[in-house]
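>>> Got a sequence here, can you model it:
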Amino acid sequence: MRVLLFSSQHYDQESFTQASRDSSLELHYQSARLTQDTVALAQDFEVVCAFINDELDATVLERLAAGGTRLIALRSAGYNHVDLAAARRLGLSVVRVPAYSPHAVAEHAVALILALNRRLHRAYNRTREGDFTLHGLTGFDLHGKTVGVVGTGQIGAAFAHIMAGFGCQLLAYDPYPNPELLALGARYVELPELLSQARIISLHCPLTEHTRHLINAQSLATLQPGAMLINTGRGALVDTPALIDALKCGQLGYLGLDVYEEEAQLFFEDRSDLPLQDDVLARLLTFPNVIVTAHQAFLNHEALAAIASTTLDNIIRWTEGDPQNLVNG
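Reported below is the predicted structural model:
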């Protein structure tokens, strides 16, 4: 069976080639994003493997179905970019990778916290230029600080374990409390209480109609002045222009982002020779207390291997009539 992977980078090719050595699947790699302009590339491929920034709206799905595609194999946990109603109408199955390495994303969130707190990005640039002064590099102890975990699934739980190891006090918000966090001594509260009490807030919830712009101008106004916000979940969990206003007035003291609402046209490509056309992102990058990474939290060897293995297993199980990890079944 022929499988076309859109938005495939060299690390995808390495991990999928390694994982497919003992399978009968014929893998084809396409670096282009799946869009209305590139969907013709999928003609006669029964399986299309898509990533988070590929377009899977009704128009694209209709053209995929007309071209012979029957399965959309997502190599991601999130599926908010898929029109599931259209997929059902067209008879397209959609499968996903519900979990790969929650530690990868959780540890990246902690890396952002440490880098922002101890100003590692600024210190690194200074010393490379021969500036060994310490002005403006003062941090704070994580020990004893209150950390708010928004979304306590596998990634949120892994993050909470790490922060508990630092000696932090944990507040949590999730419609479904996780016994793992309760065992760590976390206290589940409503979101407004978490936002007003936490010195550090980390987002680990999925993007739904209820969580879109969960962090906005109103919620940012309730933060402790100088609070730190980390988002390794989905870009649209936050209203980005509102972040800029909160940074300008000092309400938000630190910001670490691995995701960005308008990242689809930017991330995963080298655009260093081009002027940045996104004015909102350009403004964010001017703040010395902001770190933006280009959706790399998932990117470690263990996660890539797990994503490839689960995705290929999803495809094989579907061909055998025993589908798993369906999101529109």
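>>> helix, strand or coil for the residue nearest to residue 264 when sequence neighbours are not counted?
Computed as Cβ to Cβ, 6 or more residues apart in numbering, the closest residue to residue 264 that is not its neighbour in sequence is residue 53, at 4.1 Å. Heads up, the C-betas are built off the backbone N, CA and C, glycines and all. Following DSSP: H, G, I helix; E, B strand; the rest coil, the label given to residue 53 is coil.
>>> Retrieve the pLDDT associated with residue 53.
pLDDT for residue 53: 91.
>>> doesn't residue 267 make contact with it?
Yes. At 6.9 Å, residue 53 counts as touching residue 267 under the criterion of Cβ atoms under 8 Å.
>>> For burial, what's the neighbour tally of the residue nearest to residue 264?
Using other Cβ atoms under 10 Å, residue 53 has 19 other residues around it.
>>> got it, and residue 70?
Residues lying near residue 70 (other Cβ under 10 Å) number 17.
>>> burial count for the nearest residue to it once chain neighbours are set aside?
Counting by Cβ to Cβ, 6+ apart, residue 70 lies nearest to residue 46, which is 5.2 Å off, once chain neighbours are set aside. Using other Cβ under 10 Å, residue 46 is surrounded by 17 other residues.
>>> for the stretch 151-300 of the chain, what spans make up the strands?
Secondary structure of the stretch 151-300 of the chain, counting by DSSP state E, counting those that start in this stretch: strands at 169-173, 187-188, 200-203, 227-231, 252-257, 290-292.
>>> So for stretch 36-46, what gets flagged as buried?
Within stretch 36-46, the residues scored as buried using 16 or more other Cβ atoms under 10 Å are 38-39, 42, 45-46.
>>> what's the answer for stretch 201-211, then?
Under 16+ other Cβ under 10 Å, the buried positions of stretch 201-211 are 201-205, 207, 211.
>>> what's the spacing between that stretch and its chain's center?
Relative to the centre of its chain, stretch 201-211 is centred 10 Å away, using Cα atoms, centre = their mean, to the nearest Å.
>>> Name the residues that touch that stretch?
Taking contacts as Cβ atoms under 8 Å, 6 or more residues apart in numbering, the residues outside stretch 201-211 that touch it are 77-78, 80, 105-106, 109, 113, 147-153, 155-156, 159, 174, 194-195, 214-215, 223, 227-234, 236-238.
>>> what sits against residue 92?
By Cβ under 8 Å, 6+ apart, the neighbours of residue 92 are 61, 64-65, 69-72, 328.
>>> Looking at the residues you listed, state which has the most neighbours.
Taking other Cβ under 10 Å as the neighbour criterion, residue 72 ranks highest of the contacts of residue 92 with 27 neighbours.
>>> A strand includes that residue, no?
Yes. Under three-state DSSP, residue 72 sits within a strand.
>>> Let's see the pLDDT reported for it.
pLDDT, residue 72: 98.
>>> Now do it against residue 224, distance only.
As judged by Cβ to Cβ, to the nearest Å, residue 72 and residue 224 stand 43 Å apart.
>>> Quick check: which of the strands of the stretch 151-300 of the chain is nearest to residue 14?
Distance to residue 14, taken as Cβ to Cβ, is lowest for strand 290-292 among the strands of the stretch 151-300 of the chain, at 25.9 Å.
>>> can you list contacts of that closest one?
112, 115-116, 121, 247, 254-258, 260, 281, 284-285.
>>> May I see the PyMOL selection of the buried members of those residues?
Buried subset of the contacts of strand 290-292, written as a PyMOL selection, criterion 16+ other Cβ under 10 Å:
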select buried, resi 112+115+116+247+254+255+256+257+258+260+281+284
